[in-house]
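Participant: Have a look; sequence and predicted model below, questions after that.
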Amino acid sequence: MFVDSVKVQARAGKGGNGCLAFSHEPFKPKGGPCGGDGGKGGDVILQADHDINNLIAQYYAPHLYAKDGRPGEGKGKTGRGGRKLIVKVPCGTLVWKLPPPKPTAGERDVPVHRSLGQAEALEINLEAEPEELPGDALTEAEVVADLTEHGQQFVLCAGGRGGKGNMHFTTSTRQAPRFAQDGEAGEEGHYRLELRLIAEIGLVGYPNAGKSTLLSAISSAQPKIAAYPFTTLHPNIGIVELADYSRLTVCDIPGIIEGAHDNVGLGHAFLRHILRCRVLVLLIDMAGTDEREPWDDYTQLLTELELYDPALIHRPRLVAANKMDEEAAPDKLKAFRAKLGQVEVVEIAAAFDLGLEELKNKMQQIVAATRED
């Protein structure tokens, strides 16, 4: 299962309480206060790791709780700090801080008359009319971290400070303080982790255009391939080996359909994965096998990209005219060029490895140009 978005609850450890103690050693009947400090609570830390490709671990374990600090001890001993919780996430993870969730109708406090028993109070609570709940909390969220480099860390929640022991509160007029400080609570909150894959080239196209076939032909990736739309249900990353021993990373996202910018067909879940791509390759079914015209596909794809994020329309792009082995493809390609003018097109037939070397060379040239910029 591929998981690229998950909500988690994180809570750092509480600081240990300070110790209330007095020294009672031999020959020191009035040794004075000696209570030590409590240990610091453990932090919750996110760490980017290039060996992880999705957020499935957080999907099954959404509660990220670090350990509490130990209380202080006598003889001025400081308690042990709580163990940090280091959560490894894939490179390209965006962290959103969500507002605290509002209590549901069943969780709200109901005033209970003293003459009512617990059972009656519970019955009243369950029969209360539910109030209107707020909309998606993501609209009020803010981005707090963007983990893109291997080993990069971000402290999601800081552990609470340990309380001071009573040995810190002696003064000239207070020689034996009989109190100590409690440890502070650790930070906590609700967050949304969103994966945006990091690749140099993003393959964009309608369902059944041949993106997965192309990715398997130019790399060692093995996505599922079948003769029906939406065979690909999650993004795939492939590494393209070039003649000069350099490499390109290519991301194949599931097919985009009309209205994807409004999340039709899980459009947002797919489109966010091309936000980090340097170059976009628009794969067009030039044979029109699904009874759509290639120029209409091209125009609609650009429209969906622009409506989702206007910056995508200015991203360097290349058109790969696929299925050129079909009888109708050459005529449609002429009409495509006549209607759209100066559009750089590479003719390929991914299923038969035709034109792939030229496509890889073009991709290498465009990516190299973006690196120089």
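Facilitator: Cool, got the structure.
Participant: What are the buried residues along the helix or strand Val281 falls within?
Facilitator: Secondary structure assignment for Val281, by DSSP states H and E: strand 279-285. For strand 279-285, the neighbour count (16 or more other CB atoms under 10 Å) marks Val279, Leu280, Val281, Leu282, Leu283, Ile284, Asp285 as buried. From N, CA and C alone the C-beta is placed, and that goes for glycine too.
Participant: Just checking, which helix or strand succeeds it along the chain?
Facilitator: helix 294-308.
Participant: Tell me what angle that next one forms with strand 279-285.
Facilitator: 140 degrees (axes from the mean of the first three to the mean of the last three CA atoms, to 10 degrees).
Participant: ok now the helix or strand just after helix 294-308, how far from the chain's centre?
Facilitator: Heading C-terminal from helix 294-308, the first helix or strand you meet, by DSSP H and E, is strand 317-322. Here strand 317-322 is found 29 Å from its chain centre; the criterion is CA atoms, centre = their mean, to the nearest Å.
Participant: Which residues does the helix or strand following strand 317-322 contact?
Facilitator: Counting by DSSP H and E, the next helix or strand C-terminal to strand 317-322 is helix 329-340. Contacts to helix 329-340, defined as CB atoms under 8 Å, 6 or more residues apart in numbering, come from residues 284, 286-288, 293-295, 298, 321, 323-324, 343, 345, 347.
Participant: List only buried entries from those.
Facilitator: Members of the contacts of helix 329-340 classed as buried by 16+ other CB under 10 Å are 284, 286-288, 294-295, 298, 321, 323-324, 343, 345, 347.
Participant: Poorly predicted segments of the protein, please.
Facilitator: Across the chain, the ranges flagged by pLDDT under 70 are 1, 103-140, 221-234, 255-270, 373.
Participant: one more time with 80
Facilitator: 1-2, 27-30, 101-141, 220-236, 253-271, 342, 371-373 (pLDDT under 80).
Participant: Which residue lies nearest the spatial centre of it?
Facilitator: Nearest residue to the geometric centre of the chain (CA atoms, centre = their mean): Glu194, 2.1 Å.
Participant: tell me the strands in the stretch 1-150 of the chain, going along the chain?
Facilitator: Counting by DSSP state E, counting those that start in this stretch, the stretch 1-150 of the chain has these strands, from start to end: 5-11, 44-49, 63-65, 85-90, 93-98, 142-147.
Participant: Strand partners (parallel or antiparallel) of the longest one?
Facilitator: Same thing as strand 5-11. Strand 5-11 pairs in its sheet with strand 63-65 (parallel), strand 188-195 (antiparallel), by DSSP bridges.
Participant: tell me the angle whichever helix or strand comes after the longest one makes with helix 294-308.
Facilitator: Counting by DSSP H and E, the element after strand 188-195 in chain order, helix or strand, is strand 201-205. Compare the direction of strand 201-205 with that of helix 294-308 by the same axes, to 10 degrees and you get 120 degrees.
Participant: now strand 201-205: how far from the chain's centre is it?
Facilitator: 20 Å.
Participant: go on, stretch 354-365?
Facilitator: 32 Å.
Participant: Including distance to Ile56, could the buried ones among the contacts of helix 329-340 go into JSON lines?
Facilitator: Compiled in JSON lines, the buried ones among the contacts of helix 329-340 are given as follows (distance: CB to CB, whole Å):
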{"residue": "Ile284", "distance to Ile56": "33"}
{"residue": "Met286", "distance to Ile56": "37"}
{"residue": "Ala287", "distance to Ile56": "37"}
{"residue": "Gly288", "distance to Ile56": "38"}
{"residue": "Pro294", "distance to Ile56": "37"}
{"residue": "Trp295", "distance to Ile56": "40"}
{"residue": "Tyr298", "distance to Ile56": "35"}
{"residue": "Ala321", "distance to Ile56": "37"}
{"residue": "Lys323", "distance to Ile56": "35"}
{"residue": "Met324", "distance to Ile56": "39"}
{"residue": "Val343", "distance to Ile56": "39"}
{"residue": "Val345", "distance to Ile56": "39"}
{"residue": "Glu347", "distance to Ile56": "39"}
